[in-house]
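Chemist: Have a look at this fold, sequence not included:
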């Protein structure tokens, strides 16, 4: 189906990533902006003289706990030249994917974690766990518009 193509995209050690020129955008496991917004809303609710003050304290404490105590890690990085997927089996490796080598991408919904599936020009697929289509689709549509393959909700047994 595909002829042999020399690919720039590859799995490499994180320390060997090329230097970034221009802007970088990240997707992390923990939604830090959302947690910060909820914590601020909780703090504002504590100044209310009604029962909302108790709810505000609970929201603030929950958000601070999630932000400070729960683990976080990088899932993806978007640059002007390439996409980096950090969700590999080896934590010190990543998948470096150049935009011009992507045929299409799709977002699959699963019960445990959703999956971003990227088809490359050599016929291979790169996959990564994701937790929000909105954040991934925003950057993918900016850098490679029109390459999304619409997908119905997928639910595989055991996932």
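Modeler: Sure thing, it's come through. Bear in mind the structure is a predicted one, so any value in this text is a computation, not a measurement. Residues are numbered from 1 along each chain as shown.

Chemist: hey, let's count contacts and neighbours off CA atoms from now on
Modeler: OK.

Chemist: can you tell me which residue is nearest the centre of this structure?
Modeler: Nearest to the mean C-alpha position of the chain, by CA atoms, centre = their mean, lies residue 27 at 3.8 Å.

Chemist: which non-adjacent residue is nearest that residue?
Modeler: Nearest residue to residue 27 in three dimensions, chain neighbours excluded: residue 76, at 5.1 Å (CA to CA, 6 or more residues apart in numbering).

Chemist: In stretch 9-29, which residues are buried?
Modeler: Using 16 or more other CA atoms under 10 Å as the test for burial, stretch 9-29 gives 9, 11, 27-28.

Chemist: Need the contact partners of that stretch.
Modeler: Residues external to stretch 9-29 that are found in contact with it (CA atoms under 8 Å, 6 or more residues apart in numbering): 72-80, 92-98, 101, 130-131, 135-136, 139.

Chemist: Just after the lowest-mean-pLDDT helix or strand in the chain, pick out the following helix or strand.
Modeler: Here the helix or strand of the chain ranked lowest by mean pLDDT, DSSP states H and E is strand 10-13, holding a mean of 88. As assigned by DSSP states H and E, the chain's next helix or strand after strand 10-13 is strand 25-28.
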